[in-house]
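**Q** The amino acid sequence is not available; the structure is as follows:
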């Protein structure tokens, strides 16, 4: 069985080889050296701290501009899910980010509604969160925080209406899995923080001891 699976993966890699998500050139590691240097030149790795939100810390890796903005838009809206491998590769090579990630018990992605997932084919935040959890040996949960309302995308709303747009949208199941745990909520982009703030409130209400946030970029 193992030899069959190896052969299948071998054939798949021949037909669909890994590419660097930044320059789109074939790259076994999904992040070429040239683009790794480019990302290191613009990385932020900044932790914002809050006392007025449902989370205390927010680590964002990049500013939402330039190349990062372009790649996140392609990743999220233009059917290029493979870009998650490039972001994950960059994250796990950074010791500061890994220390931050490993200080939490569970990683949970911001969920998307079933209908939107069917249309897009994937939850971009879940692809990153699951891969990070597997590589860093952290528990990953995708069936605790769920989305019940297929509301209009936050990107279509102004800052004032984003907070109202997420009220009553999220809920929890299997709460026993997070009671007393330190949770890290992962999303792709942070703009006003309305989405992650509401998700953190729901998780804390369900019994999580602590919930903080990590995003690839901040607008």
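**A** Yep, that arrived. Remember, predicted model here, so these are calculated numbers, not experimental data. Residues are numbered from 1 along each chain as shown.
**Q** Strand partners (parallel or antiparallel) of whichever strand or helix holds residue 187?
**A** Here residue 187, judged by DSSP states H and E, is contained in strand 182-190. Strand pairing for strand 182-190, using DSSP bridges, gives strand 106-109 (parallel), strand 210-218 (parallel).
**Q** Now for residue 182, how many residues are close by?
**A** Using other Cβ atoms under 10 Å, residue 182 has 14 neighbouring residues. In this view, the C-beta of every residue, glycine as well, is placed from N, C-alpha and C.
**Q** go on, residue 86?
**A** 25.
**Q** Could you do residue 35 as well?
**A** Residues lying near residue 35 (other Cβ under 10 Å) number 20.
**Q** Residue 88 now?
**A** Residues near residue 88, counting by other Cβ under 10 Å: 22.
**Q** go on, the one 10 residues further on?
**A** The tally of other residues near residue 98 (other Cβ under 10 Å) stands at 15.
**Q** do you know how far the residue nearest the centre of the chain is from residue 28?
**A** Central residue of the chain (Cα atoms, centre = their mean): residue 125, 3.3 Å from the mean position. Per Cβ to Cβ, to the nearest Å, residue 125 is found 25 Å from residue 28.
**Q** show me where the chain has helices.
**A** Applying DSSP state H to the chain gives helices spanning 2-15, 33-42, 66-77, 83-92, 95-102, 114-120, 124-136, 159-165, 194-205.
**Q** Quick check: mean pLDDT of the first one?
**A** For helix 2-15, mean pLDDT is 46.
**Q** what do you get for the fifth one?
**A** Averaged across helix 95-102, the pLDDT comes to 96.
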